[in-house]
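> Dropping a prediction and its sequence here:
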Amino acid sequence: MDVRVKFLGGAQSVTGSKFLLEIDDFKVLVDCGLFQGLKTLRLRNWDDFPINVEEIDAIVLTHAHLDHSGYVPRMIKQGYNKKVYCTDATADLLEIMWLDSAKLQEEEAEYAKKKGFSKHKNPLALYDQKDAEAALKTLVPQKIERPFDLNDKVQIIFYPAGHILGAASVKIILKGENQEKTLLFSGDLGRDSDPILNSPTHFKNADVLFMESTYGDRINEVSKVQDELKQNILYHLNDGVILIPAFTVGRTQNLLFYLYELMRTGQIPHIPVYIDSPMAISVTNLYEKYSDRHKLKDKEIFNFKNFHYVQEHQQSKLLNELKNRAIIISASGMLTGGRILHHLFNRLGNENDLLLMVGFQAVGTRGRDILEGKESVRIYGEEKSIKCHYTKIDGLSAHADQLELIRWYESFTNALKFTFIVHGELEAMKHLKNELEQSGHKNIFIPDYLESFELFTGI
């Protein structure tokens, strides 16, 4: 058995994760994500796929975030018609996220056409609702820690990775004629001290590792999160509205946990919190279905009297009338699309409002531009001046920080043949690689986009 890997995304980039395994003539794509952020990256979503999609025999997803799963409907549009494997909770999330993603893309294309700010005469969506629905039919949900076979030579096992509901590290066992080899994809690793999700699984043995590195260059202290959130709310509460962009899966639920605790214990006043994301509302409901996958026992949290779930567009627009003593949580977390754009459009010019960012902001996103001090950002084809206050809280990230990544890596008791550092910006990758090498670890690589490696021959 000969095994190769080709990096079709997530290489020197924190988005677009796609790793093509060629196991003899059997091709498996691990993750199938959208590129986000810089325009040069986003344009890759529109390129022809590097190989004929009909040659791919299976897709395996680590979790539901669109930078890991959101390209699947586009694959369907290009002719992919085989199976997509993921955990059961991920499958439920994808039903929400793919349909929402398709709807947003269709709406944004229509809006661009209506307002005439696209360079294209007839702007199109990357994929539509029909493609998303077809993609859902390819899903084959799997239980956590229960092995299943792709064929007689390839076995898959999903293990909890923390990060978000349903997220998994993927162990691939290759059964050669002479020996077995193990490939391990970390997926996005969660935090050891996440208030809701369990810690990621640690492993002792593997031959080849693909390891995420989002926060490979920094330490994010979870212990300070609640206090920083409290301070920002108290400081800006009476002057203006606090606008929090948050990913619908994981980040929104963690925010609600912290806000509930702060109000319950009297550390901040009881004020209305508007969750303006229909998708986030649907995702929150899944936490009850998968109550065995997290450590949240107080079911009253998400039904707290001060939490108001906004479903309709008209309700969302009415939030523009709020002047102070209110919090709005909306998606997307990197300010790349969704209802948050509507709120930004109306609030970036308000000197008393606070834009509070609570997650990673990739290069090329509006969130990153704002944090780097840009005077304006483009929304709906119009430049909007940034006059509001803005800041960022780091500890709320759903990604392991540098110390947690190193601690996770140190669990391996055998010497890895290869470690590929993926899913991170280049500086974060270099920092993590340097830290690991200084501890004596070898054969650590930072692959480039479209680069290939031969992993095994004749096993």
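Sure thing, it's come through.
> rest of the way, CA atoms for contacts and neighbours
Fine.
> the domain parsing of the chain - what is it?
Listed domain ranges for the chain are 3-218+398-456, 222-392 (source: automatic domain parsing).
> contacting residues for the residue nearest the centre of the chain?
The residue lying closest to the centre of the chain (Cα atoms, centre = their mean) is His65, at 3.9 Å. Residues near His65 by Cα atoms under 8 Å, 6 or more residues apart in numbering: Val249.
> can you offset everything so residue one is 467?
Renumbered: residue one is now 467, and that last one reads His531.
> So, low pLDDT: which residues of the protein?
The chain contains residues with pLDDT under 70 at 577-578, 580-588, 764-765.
> List the contacts of the residue lying farthest from the centre of it.
Computed with Cα atoms, centre = their mean, the residue of the chain farthest from its C-alpha average is Asn644, at 38.2 Å. Taking Cα under 8 Å, 6+ apart, we find Asn644 in contact with Ile925.
> and among the domains of the chain, the most buried is which?
Neighbour counts (mean count of other Cα atoms under 10 Å) averaged over each of the domains of the chain peak at domain 469-684+864-922, with a mean of 19.
> chain center to that one, what's the gap?
10 Å (Cα atoms, centre = their mean, to the nearest Å).
> Same question for stretch 724-737.
Using Cα atoms, centre = their mean, the offset of stretch 724-737 from its chain centre is 28 Å.
> For the stretch 667-816 of the chain, just list every one of the strands.
Along the stretch 667-816 of the chain, the segments classed as strands by DSSP state E, counting those that start in this stretch run 674-678, 708-711, 739-742, 773-775, 793-796.
> Of all these, which one comes closest to Ile925?
strand 674-678 (14.0 Å; Cα to Cα).
> Pull up the pairing partners for that closest one, direction included.
strand 646-651 (parallel), strand 884-888 (parallel) (DSSP bridges).
> Put together CSV for the ones you listed, with distance to Ile542 on each row.
What follows is those, written out as CSV (distance: least, Cα to Cα, whole Å):
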stretch, distance to Ile542
strand 646-651, 24
strand 884-888, 25
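> Mind checking those for the one nearest to Tyr756?
Of these, nearest to Tyr756 by Cα to Cα is strand 646-651, at 23.4 Å.
> what about dumping the CA coordinates of the closest one to CSV?
Below are the C-alpha coordinates for strand 646-651, written out as CSV (Å, rounded to 0.1, in the frame of the first residue of the first chain):
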residue,chain,number,x,y,z
GLU,A,646,-0.8,-1.2,10.1
LYS,A,647,-0.2,2.5,10.1
THR,A,648,-2.2,5.3,11.9
LEU,A,649,-2.9,8.8,10.6
LEU,A,650,-4.3,11.3,13.1
PHE,A,651,-6.1,14.5,12.2
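> Where do the helices of the stretch 617-766 of the chain begin and end?
691-702, 717-730, 744-755 (DSSP state H, counting those that start in this stretch).
> related to what we said a few turns ago, JSON lines for the strands of the stretch 667-816 of the chain, including distance to Ile639?
Below are the strands of the stretch 667-816 of the chain laid out as JSON lines (distance: least, Cα to Cα, whole Å):
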{"stretch": "strand 674-678", "distance to Ile639": "11"}
{"stretch": "strand 708-711", "distance to Ile639": "39"}
{"stretch": "strand 739-742", "distance to Ile639": "42"}
{"stretch": "strand 773-775", "distance to Ile639": "44"}
{"stretch": "strand 793-796", "distance to Ile639": "40"}
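> No further questions, thank you.
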